[in-house]
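Asker: task: produce atomic coordinates for the following.
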Amino acid sequence: MHRFRSILAIFIILLMAGCGKPKVKGADVVVWHWMTDRDSAFLALAEKYNKEKGVDVKFELYAPSEAYSSKIRAAAQTNALPEVFGVMAEKRDFAAYIKAGHISNLTGYMDAQDGAWKKSLFEKPLAMNAFLPGNEFGVDPGIYGVPIDVTNILFLYNKDLFKKAGLDPENPPKTWPEFLAAGKKLKAAGIPGLVSGWGEIWMIDCLASNFAFNVMGEEKVIETIRGNVPYTDPDWVRVFTLFKEMKDNSLLASGIVTMVNKTAELIFANEQAALAFNGSWCVNVYNGMNPKLNYGVMLPPVVNSQHPMIIWGGAGSSFVVNEKSPNKEQAVEFLKWLTAPEQQAFLAIETKNLPSNKNSLSSIPPILAEFAKHMDNTTHPNTFPVSEYPLVIEAFDKGIQGILIGEKTPEQIAQEVEAMKQKQKKAAQQSQN
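Answerer: Reported below is the predicted structural model:
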């Protein structure tokens, strides 16, 4: 009996010791991700964190992204999510995970110490992880995710090809007339102009949005989405006409309408085109394809000097914290550390992605810094107060493709997009009645 009591006492002591610091899945903090290009960097950071803090962090890679998303959905159904994970989904699905209690509201942590954590991060990418008061999804207002890197989409230009065409490689075109003039010089020198993955219509939508914000201003764009301004408005016709002018001035490389972005990246990396429209992730891509590529970054050319040039951008990859994890506090502390300047600079150097921490920019490669200086010019449809009907967006983007291949005029596309808008509005009203 005495021996039994001794064994029982030891068991209770061990059990109590285990309750003091819960362990989940064999580590203090488990992180699920899909980023194959960042896996080795993550593992190095986990080792560093363990040495500095004595906390065991385990990164688990699940790729490709489709398989990762399926794993997240399955784990959510069985309450088996790790401490930290990413949600690769639309805002509506993101909201569903929050409402099901799987994702922590990080606002309190962000606002602590006079908002030091929040202030260190780029504002626009952080906004993509936030829900505003009165949002359409019924989610409590707050910040629910932490961007670990950011992106934006800009024009790239080959400095050597610019010089060959008689253009200033350190002074790329800034206005629409300068852009068209540069196209003429490139054509005269026999150098193909712009490549981009415009076979993927979201990239056409991106540039068209840039031009729309510049031509008419943010308020008028939003009012169009609300249905108060028609797509037949002269400003929208002007946006469509810009694509026709690029085509008519031979600024576009052959086959751009059906080109996927991987093909466009290969063409630009091999110096077979002078211009590209691509995202900041291309720095890593081009480095792998042609480390000696000599190129610069430029904003899309300004059409209307009365409005700023707004570009698409925001969070590249973000992590969230599992609200149901007993190690939630440790997970938050790890994300604070991961997004601190030193770790952000390390990730930027190792993975060639833009850091989410504004205070790390002095330590990153110069070409990335060129992208980073335009982060305050970014916007993204996920942050708009309203959203356009998907079929209207499709008609808009495919209409531009029609302009580029000479099948339709800008005026015809404006009428077709507006007709689709009215059709979708009517269908929505009928469904509500």
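Asker: hmm, L354 is touching V150, no?
Answerer: Yes: here L354 reaches V150: they are 4.7 Å apart, a contact under Cβ atoms under 8 Å. Heads up, the C-betas are built off the backbone N, CA and C, glycines and all.
Asker: what segments of the stretch 301-433 of the chain are strands?
Answerer: For the stretch 301-433 of the chain, the strands defined by DSSP state E, counting those that start in this stretch cover 311-321, 354-355, 378-379.
Asker: with the stretch 151-300 of the chain instead?
Answerer: Using DSSP E, counting those that start in this stretch, strands in the stretch 151-300 of the chain cover 194-195, 275-279, 295-298.
Asker: to Y231, which of those strands lies closest?
Answerer: strand 275-279 (22.6 Å; Cβ to Cβ).
Asker: what lines up beside the closest one in the sheet?
Answerer: When sheet partners are counted by DSSP bridges, strand 275-279 sits next to strand 146-158 (antiparallel), strand 194-195 (parallel).
Asker: which residues touch T36?
Answerer: Shown in contact with T36 (Cβ atoms under 8 Å, 6 or more residues apart in numbering): 61, 63.
Asker: and it, what's its pLDDT?
Answerer: On pLDDT, T36 comes in at 92.
Asker: relative to E245, how far out is it?
Answerer: 40 Å (Cβ to Cβ, to the nearest Å).
Asker: before we move on, back to that, what do L354 and V150 both touch?
Answerer: With Cβ under 8 Å, 6+ apart, L354 and V150 have common neighbours 280, 316, 372, 375.
Asker: adding distance to N158 and neighbour count, write the residues you listed out as JSON lines.
Answerer: As requested, these are exported to JSON lines (distance: Cβ to Cβ, whole Å; neighbours: other Cβ atoms under 10 Å):
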{"residue": "S280", "distance to N158": "17", "neighbour count": "25"}
{"residue": "G316", "distance to N158": "24", "neighbour count": "21"}
{"residue": "A372", "distance to N158": "21", "neighbour count": "21"}
{"residue": "M375", "distance to N158": "24", "neighbour count": "22"}
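Asker: now, among those residues, which is nearest to Y49?
Answerer: G316 (21.1 Å).
Asker: does that closest one touch N353 like I think?
Answerer: Yes: G316 lies in contact with N353 (Cβ under 8 Å); the separation is 6.0 Å.
Asker: pretty sure A189 contacts L167?
Answerer: No: counting by Cβ under 8 Å, A189 does not reach L167; the two are 9.1 Å apart.
Asker: compare neighbour counts for the two and give me the winner.
Answerer: Each of A189 and L167 has its neighbours counted (other Cβ atoms under 10 Å); L167 has more, 22 against 14.
Asker: got phi/psi on the more buried one?
Answerer: phi -100, psi 150 (degrees, to the nearest 10).
Asker: make 743 the first number, not 1, from now on.
Answerer: All set: I'll call the first residue 743, so the last point we hit is now L909.
Asker: wait, it touches A923, no?
Answerer: No: counting by Cβ under 8 Å, L909 does not reach A923; the two are 9.1 Å apart.
Asker: let me see the contact set for A1057.
Answerer: 867-868, 870-871, 887, 889, 891-893, 1098.
Asker: residues in a beta bridge with it, which ones?
Answerer: Going by DSSP bridges, A1057 forms beta bridges with V892.
Asker: let me see the ranges of the helices in the stretch 993-1142 of the chain.
Answerer: Along the stretch 993-1142 of the chain, counting by DSSP state H, counting those that start in this stretch, helices occupy 1003-1011, 1024-1031, 1070-1080, 1083-1093, 1108-1114, 1132-1146.
Asker: what is the burial count for L922?
Answerer: So L922, with other Cβ under 10 Å, has 18 neighbours.
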